[in-house]
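S.K.: I'll drop the sequence and a predicted model, then ask my questions.
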Amino acid sequence: MIKDIISFTLGNEKYAVDILKMPLILSASKYLPKKYTLDKNGYFFQFEGKNVKIIDLHSFFSIDYNPISENSKILVGYFNNGIFGLLVNSVDKIINLNENVKKTNNFNTSVESNFIEQAINLSEETIIILNVDKIVSHSQKQEMEIN
C-alpha cells in the first residue's frame, strides 16, 4: 500500500508516484541540456558514477512537451536492471496518503489505464498516481523491440 507520494505536473495535469519507488528528486537543468533529443536508445546521464536512463513522460504518454526549465525535475529510482529517471515539468509536493484522502474513479486523462495505480481527490484537485513498475517495464520492452 502506498503511503507517501510525490506529486508533479505533466502538461496540464497532476500526477504522482510512490516516493519509495522514486526517492530522489534532481534538477533536470543540472543534468540535461535545454534541448536534448531521445535517440533509439533513449537518453542517459551520469549520476554518482552510474548511467541513469531517462523516461520522458511527455513522449511516453504523448503529452505536449515543455522545454526543460529551472522547474523541470527528474525523479530517480532503482529498478532490477538499473537506475531510471522520470522527466517531469515540476514537482509540486510530497503528500501523505492518510485516511482523509479520498480515492476517485471519476477523472479524465490521456494516460492509458494500465499505467494508473489509482486516482485521488485532494483539495478539489484530482491527482493520478502512476504505476512506476509498469512504466519502466514497458519502456524496457520498447527499447528491446527497437534494438
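M.R.: The structure has been received and is ready for your questions.
S.K.: what are the phi and psi values at Gln140?
M.R.: phi -60, psi -40 (degrees, to the nearest 10).
S.K.: the residue nearest to it when sequence neighbours are not counted and Gly49: what is the separation?
M.R.: If the residues on either side of it in the chain are set aside, Gln140 comes closest to Asn81, at 6.8 Å by C-beta to C-beta, 6 or more residues apart in numbering. Yep, even glycine has a C-beta here, placed from its N, CA and C like the rest. Spatial separation of Asn81 from Gly49 under the definition C-beta to C-beta, to the nearest Å is 17 Å.
S.K.: ditto for Leu97
M.R.: As it turns out, when the distance is counted by C-beta to C-beta, Leu97 lies 34 Å from Gly49.
S.K.: those two - which one has more neighbours?
M.R.: Neighbours were counted for Leu97 and for Gly49 using other C-beta atoms under 10 Å; Leu97 has more, 18 against 5.
S.K.: ok, Asn121 - contacts?
M.R.: Contact analysis of Asn121 by C-beta atoms under 8 Å, 6 or more residues apart in numbering lists Val101, Lys102, Lys103, Thr104, Ile127.
S.K.: could you look up the SS state of it?
M.R.: In three-state terms, and counting by DSSP: H, G, I helix; E, B strand; the rest coil, Asn121 is strand.
S.K.: for it, give its distance to Phe107.
M.R.: 9 Å.
S.K.: re the thing from before, among the contacts of Asn121, name the ones in helices.
M.R.: Using DSSP state H, no member of those falls within helices.
S.K.: just the buried residues of those residues.
M.R.: Ile127 (16 or more other C-beta atoms under 10 Å).
S.K.: could you dump the contacts of Asn121 to TSV with pLDDT and distance to Asn12?
M.R.: Rendered in TSV, the data for the contacts of Asn121 read as follows (pLDDT from 0 to 100; distance: C-beta to C-beta, whole Å):
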residue	pLDDT	distance to Asn12
Val101	80	22
Lys102	83	22
Lys103	85	22
Thr104	83	18
Ile127	93	13
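S.K.: in strands, which of the contacts of Asn121 appear?
M.R.: If you go by DSSP state E, those have Lys102, Lys103, Thr104, Ile127 in strands.
S.K.: in the protein, mark out all the strands, start to finish.
M.R.: Counting by DSSP E, the chain has strands at residues 4-10, 13-18, 24-27, 43-47, 50-56, 73-79, 82-88, 90-96, 102-104, 116-122, 125-130.
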